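[1] 3D model of this:
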Amino acid sequence: MGLYQWLFKYLWLYGLVEPKTGNSFFYEFSHLDTPCFEKFLELFSQQYPDEVHIIQLDNGRGHLGLDLSIPDNIILLFQPPYCPEVNPIERFWKEVKKFLKNQVFDSLDFLRRILRNILARFTQEDIASITGYDFILEALSVAGL
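    Okay, the predicted model is just below:
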């Protein structure tokens, strides 16, 4: 009997979805932390500079950094603790994970290719259907968004 140190290589896929239209934005990072989240927000802001975006988030540690710099066209809306069911992207991640379960990937590059193929399967209509909770669409309508 001996000790063995399991080593895992991993990546983090950050994502945003717009429940009304099905628009989406995904980017891969090496960590789930404040610096990576800040860079993700910056990239998203640069991609859509002429609109104000309300982004719903959980209270994850990476989302709450005291030194987090938030672009001017982004408003962060934190959901109540322990309520992933109210966040539209959680339903989308559940669909993505259906393609990944019970698999072992030989390399991160192979996993990246698989993820790209999975994401490419989803049309805007698919994403809107998966993430467009009635209560969210109603709230957007009432808010005139």
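[2] please count neighbours and contacts with C-alpha atoms only from this point.
    Noted.
[3] in this protein, which spans are strands?
    Assigned by DSSP state E, the strands in the chain fall at 12-17, 24-29, 53-57, 74-78.
[4] got TSV for those, with distance to residue 4 and mean pLDDT too?
    As requested, the strands of the chain are exported to TSV (distance: least, CA to CA, whole Å; pLDDT from 0 to 100):
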stretch	distance to residue 4	mean pLDDT
strand 12-17	25	97
strand 24-29	28	98
strand 53-57	37	92
strand 74-78	40	92
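[5] with distance to residue 35 added, can I get those strands in CSV?
    Converted to CSV, the strands of the chain look like this (distance: least, CA to CA, whole Å):
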stretch, distance to residue 35
strand 12-17, 13
strand 24-29, 10
strand 53-57, 16
strand 74-78, 16
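[6] nearest to residue 139, out of those?
    Closest to residue 139 of the strands of the chain, according to CA to CA: strand 53-57, at 12.6 Å.
[7] partners of the closest one, with directions?
    Note on strand 53-57: by DSSP bridges, its sheet partners are strand 74-78 (parallel).
[8] got a list of what residue 106 touches?
    Shown in contact with residue 106 (CA atoms under 8 Å, 6 or more residues apart in numbering): no residues.
[9] returning to what we had before: for the strands of the chain, give me CSV that also has mean neighbour count.
    CSV is the format used below for the strands of the chain (neighbours: other CA atoms under 10 Å):
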stretch, mean neighbour count
strand 12-17, 17
strand 24-29, 14
strand 53-57, 16
strand 74-78, 14
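[10] out of those strands, nearest to residue 121?
    Per CA to CA, nearest to residue 121 of the strands of the chain: strand 24-29, 12.7 Å.
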